[in-house]
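A.B. asks: predicted coordinates and the sequence they were generated for:
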Amino acid sequence: MRFATKAIHVGEEPLFGEGHSGDVIIPIHLSTTFARLEVEKPTGGYEYSRTANPTRSALEKRLASLENGKYGLAFSSGLAAEASVLLALLNSGDHIVAFNDLYGGTIRLFNKVLKNFNIEVTYVDAQNPINVKNAIKKNTKILWMETPTNPLLRLCDIKIISQISKEHNLITVIDNTFMTPYFQRPLELGADIVVHSTTKYLNGHSDSIGGAIITSNDTLYEKIKFIQNAVGAILSPFDSYLVLRGLKTLHVRMKEHEANALKLAQYLEQSNKVERVFYPGLPSHPQHQLAKSQMFGFGGMLSFTIKGTKHQAKKFVENIKIFSLAESLGGVESLIEIPSLMTHSAVTEYGIQTNIPENLIRVSVGIEDINDLIDAFDDAFKKI
């Protein structure tokens, strides 16, 4: 079964016979508990919705299918998913090697929460795999990567880093939120665990917060599944339904996101108001060839540095039309923000030097008419 077909059907196959009504769309199972006929035999495998819920199970099955993984787990947020991986796989005294350009919330989790449990994190420029290899210690357990990164759209070579990980008996975790499984499937390149914020492209409509983990490793799945149940940061049945619904159009949406982002990036590259454009689909991107080799497309996220200071950047984003000045990304609507003042404003407090320029603007390019988006940029440039 190919991607688009899986995105629509996996997890929602109609059931017939006694007790089933042939639903084409899985119901939102709101029941918190499930009755059983026998003491030791839960009906249909369900006993309590924190442990498992039919609507969430359908989503988890689909998520695994789209990443070509064996298991999927859905959580109440992307950070809840990340925290569950860490709780399941790390002990006091362990060490993580991480990309030095990560989502600000991930850095906060590492530096403000993990340090309380005596877990050390070393941040490196993972664009060069040698930096990752050289940072590995005797107590290293996880290599944690984002590719492309947020907000500088840097890439790491998933295949090479996964090979390094296996040579040292480590676990490779890849945050695949920016690309989605439509454009990139890290498990196929050797990664052990894929993490998503389903809030973003997977749901795609800015109306559900959630997270996901996908793996094909039986042992890792059992450990993380235990934490999912023991800690209880689960995705609700209603949010599971919303993400299932969003996934049905993921392949269609991502094509439009990419087409618009590429055209906008090309427009920005020709603008005399712009210093530099960060988009892996541009030949000018220093890792364009790597992007072509490990991705099936280039996604809908881009960043650029505007000529001037943060004051010009602020004036630009506060005057642009159509693009909402807001954090988050991946919805059908276009969003715009200044990472140094918004999503990543506190990163330097955590001792991480990511070299995010103060005049960097991040854009989540939506699926509106591209001509309207470019017109909005034209108008905003005239006001700075």
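C.D. replies: Thanks, I have it.
A.B. asks: tell me, what residue is most central in this protein?
C.D. replies: The centre of the chain sits closest to Thr177, judged by C-alpha atoms, centre = their mean, with a distance of 1.8 Å.
A.B. asks: tell me the SS of it?
C.D. replies: Under DSSP: H, G, I helix; E, B strand; the rest coil, the three-state class of Thr177 is coil.
A.B. asks: okay, now the closest residue to it other than its chain neighbours: neighbour count?
C.D. replies: Using C-beta to C-beta, 6 or more residues apart in numbering and skipping the chain neighbours, the partner closest in space to Thr177 is Ser197 (4.7 Å). Glycine gets a C-beta too; all of them are placed from N, C-alpha and C. Ser197 has 28 neighbours, counted by other C-beta atoms under 10 Å.
A.B. asks: could I get the contacting residues of the residue nearest to the centre of the chain?
C.D. replies: Contact analysis of Thr177 by C-beta atoms under 8 Å, 6 or more residues apart in numbering lists Gly78, Tyr103, Glu146, Asn150, Val195, His196, Ser197, Lys200, Tyr201, Gly330.
A.B. asks: show me those residues that map onto helices.
C.D. replies: Gly78 (DSSP state H).
A.B. asks: what about the contacts of Thr177, which are in strands?
C.D. replies: Among the contacts of Thr177, the members found in strands (DSSP state E) are Glu146, Val195, His196, Ser197.
A.B. asks: in what helix or strand does the residue nearest to Ile320 when sequence neighbours are not counted lie?
C.D. replies: In this structure, Ile320 finds its nearest non-sequential neighbour in Ala380, 3.9 Å apart by C-beta to C-beta, 6+ apart. Using DSSP states H and E, the element containing Ala380 is helix 370-381.
A.B. asks: just send the ones in strands among the contacts of Thr177 back as CSV, with pLDDT and distance to Arg154 too.
C.D. replies: Formatted as CSV, the ones in strands among the contacts of Thr177 follow (pLDDT from 0 to 100; distance: C-beta to C-beta, whole Å):
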residue, pLDDT, distance to Arg154
Glu146, 98, 9
Val195, 98, 17
His196, 98, 19
Ser197, 98, 18
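A.B. asks: and which of the residues you listed is nearest Asn116?
C.D. replies: Among the ones in strands among the contacts of Thr177, Val195 lies closest to Asn116 (C-beta to C-beta), at 21.4 Å.
A.B. asks: nearest residue to that closest one other than its sequence neighbours?
C.D. replies: That would be Asp175: by C-beta to C-beta, 6+ apart, it lies 4.9 Å from Val195.
A.B. asks: so in terms of bridging, what pairs with that neighbour?
C.D. replies: Bridge pairing for Asp175 (DSSP bridges) gives the partners Glu146, Val195.
A.B. asks: okay, now it: neighbour count?
C.D. replies: Using other C-beta under 10 Å, Asp175 has 26 other residues around it.
A.B. asks: and stretch 61-77, how far out from the chain's middle?
C.D. replies: Centre-to-centre, stretch 61-77 and its host chain are 13 Å apart (C-alpha atoms, centre = their mean, to the nearest Å).
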